[in-house]
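*Asks:* pasting the structure only:
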DNA sequence: CCCATCTGAAAATGAGCATTGTCAAATTCG
DNA sequence: CGAATTTGACAATGCTCATTTTCAGATGGG
């Protein structure tokens, strides 16, 4: 059981736990992002993290919770980037804001293929709880797109449409493309991909079907 | 061990095996498409199928093989529909052919939410072998799109572009949207969704970015 | 220095399956 | 009919973890 807590190795209990949690998260990113969630075991993560299983269960209730924590952090990071991007482009036309926000969101996945695999593949259908988490987060994203685009419609920049449909299409398309890009070697430059992704976002949110 | 085989219950060995396989596949569709692959157990599938585990292992080497067989059949069905659709619209403009082919592909998923879940969610990252299967099948699809569109470019109907990128975007977008539609109740009519999907396909394959 | 905490390693426990084996009853065919 | 097959139910096995517990040693406050 966890006692009151006193200093050890020059660190407080909180600091020691934080370091162990940090190592666990880093290892989880490596193993889940490389071998997949199904192939991930607690003893495996603990061994690679230099954390005893006893300490693991002092930090997390179970295996699923580590994955949830990892995914929460990845998502929170991307969402913060989106918020920052939207804040930085406030007042600019939607043609600037949306592509910038999309690329801000994707930055962590473009930098690290393991993150792309976790956020776009391993997260899917891993468990009922995690699936709900994924869908809830995505709903937030859909709402953001809807809000921004509706405001843009009000400014007369674009025509109104089914924003939920458009947002889901954007998320799905971007997911498939980035994961594919992260997987393949050799691949086009990140700059080239970002140009294509920005164009894609614009097309999906503003193009009229060529009837 | 499996003997030479003789009639039993008025059926040959092949027929008996085929019926058991049929029941297993139907049950697997129900359980995987409802509870998810991770929550699927052999004893569970066998009990619901009225097939003993002993017979299961006479038909399939293991659990993963049942899933592979199920996914193979689902995919083969969709691919056959695509081929039939493309054959039926031969000679027509790409603006007719592609939306028709996309809807042909999606028909089984639009008819049965369990199929949508299996093909679009449960299949992802289930295991290395299954993930490879998914990516290989998707590559075939990408090739088909590329072939059709390149031919259309030759006919002067559309401008050339990165067809692999466009195809991946289309597949990713359609996947996310159809699964979302299959999941939500209440939802728009199938006809309305199909119109949106057809427009989406055209936009992704033919629209120029509004620079 | 003394003792309560804390730590890493490793063993112990136990659950949940996948997979295999047993067997009595049912069926077929010579 | 009677031997050989086939069947379904179910017991038995074994393995892979998740989770808990043990324990000897390290550390720190008083």
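*Replies:* Cool, the structure landed. Everything numeric here is computed off the predicted structure, so don't read it as measured data.
*Asks:* and the spatially most central residue of chain A, how far is that from chain B?
*Replies:* Note on chain A: the residue nearest the mean C-alpha position is residue A:75, at 3.7 Å, using Cα atoms, centre = their mean. Distance, residue A:75 to chain B, using Cβ to the nearest Cβ, to the nearest Å: 17 Å. C-beta coordinates here come from the backbone N, C-alpha and C atoms, glycine included.
*Asks:* burial measure for residue A:41, as a count.
*Replies:* 11 (other Cβ atoms under 10 Å in any protein chain shown).
*Asks:* Contact partners for it?
*Replies:* Neighbour list for residue A:41: empty [criterion: Cβ atoms under 8 Å, 6 or more residues apart in numbering or on different chains].
*Asks:* sec struct for residue A:51, please.
*Replies:* On the three-state scheme (DSSP: H, G, I helix; E, B strand; the rest coil), residue A:51 is labelled coil.
*Asks:* Same check on residue A:5?
*Replies:* Residue A:5 - assigned by three-state DSSP - is coil.
*Asks:* which residues touch it?
*Replies:* Contacts for residue A:5 were tallied using Cβ under 8 Å, 6+ apart; they are A:12-14.
*Asks:* Need the three-state assignment for the residue nearest to the centre of chain A.
*Replies:* Taken by three-state DSSP, the conformation at residue A:75 corresponds to helix.
*Asks:* Hmm, residue A:136 and it touching each other?
*Replies:* No. Counting by Cβ atoms under 8 Å, residue A:75 does not reach residue A:136; the two are 10.0 Å apart.
*Asks:* got any ranges where chain A has weak pLDDT?
*Replies:* Residue ranges of chain A with pLDDT under 70: A:1-4, A:209-211.
*Asks:* what are the ranges of the strands in it?
*Replies:* Remark: no strands are assigned in chain A by DSSP state E.
*Asks:* who in it is up against DNA strand D?
*Replies:* A:6-10, A:40-44, A:52-54, A:57, A:62-63 (Cβ under 7 Å from any atom of the strand).
*Asks:* show me where chain A has helices.
*Replies:* Applying DSSP state H to chain A gives helices spanning A:13-35, A:42-49, A:53-59, A:63-88, A:94-111, A:113-117, A:128-154, A:163-183, A:190-206.
*Asks:* May I see the ones you listed organised as CSV, with distance to residue B:120 added?
*Replies:* Shown next, in CSV, are the helices of chain A (distance: least, Cβ to Cβ, whole Å):
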stretch, distance to residue B:120
helix A:13-35, 21
helix A:42-49, 29
helix A:53-59, 33
helix A:63-88, 19
helix A:94-111, 20
helix A:113-117, 17
helix A:128-154, 12
helix A:163-183, 9
helix A:190-206, 19
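*Asks:* wait, which of the ones you listed is closest to residue B:145?
*Replies:* helix A:163-183 (12.9 Å; Cβ to Cβ).
*Asks:* Could you pull out the buried residues of that closest one?
*Replies:* Residues of helix A:163-183 classed as buried: A:163-182 (neighbour count, 16 or more other Cβ atoms under 10 Å in any protein chain shown).
*Asks:* One more: stretch A:95-107?
*Replies:* Residues of stretch A:95-107 classed as buried by neighbour count (16+ other Cβ under 10 Å): A:95, A:97-107.
*Asks:* coming back round to it: give me the buried entries from the residues of chain A next to DNA strand D.
*Replies:* Buried positions within the residues of chain A next to DNA strand D, assessed by neighbour count (16+ other Cβ under 10 Å), are A:40, A:63.
*Asks:* And residue A:75, how far from residue B:78?
*Replies:* Per Cβ to Cβ, to the nearest Å, residue A:75 is found 32 Å from residue B:78.
*Asks:* actually residue A:23, sorry about that
*Replies:* Distance from residue A:23 to residue B:78, counting by Cβ to Cβ: 44 Å.
*Asks:* which one of these two has more residues nearby?
*Replies:* residue B:78 (20 against 16).
*Asks:* Now that one: closest residue in space, sequence neighbours ignored.
*Replies:* Residue nearest to residue B:78 in three dimensions, not counting chain neighbours: residue B:105, with 4.8 Å by Cβ to Cβ, 6 or more residues apart in numbering or on different chains.
*Asks:* tell me the contacts of that neighbour?
*Replies:* Contacts of residue B:105 (Cβ under 8 Å, 6+ apart): B:78-79, B:81-82, B:141.
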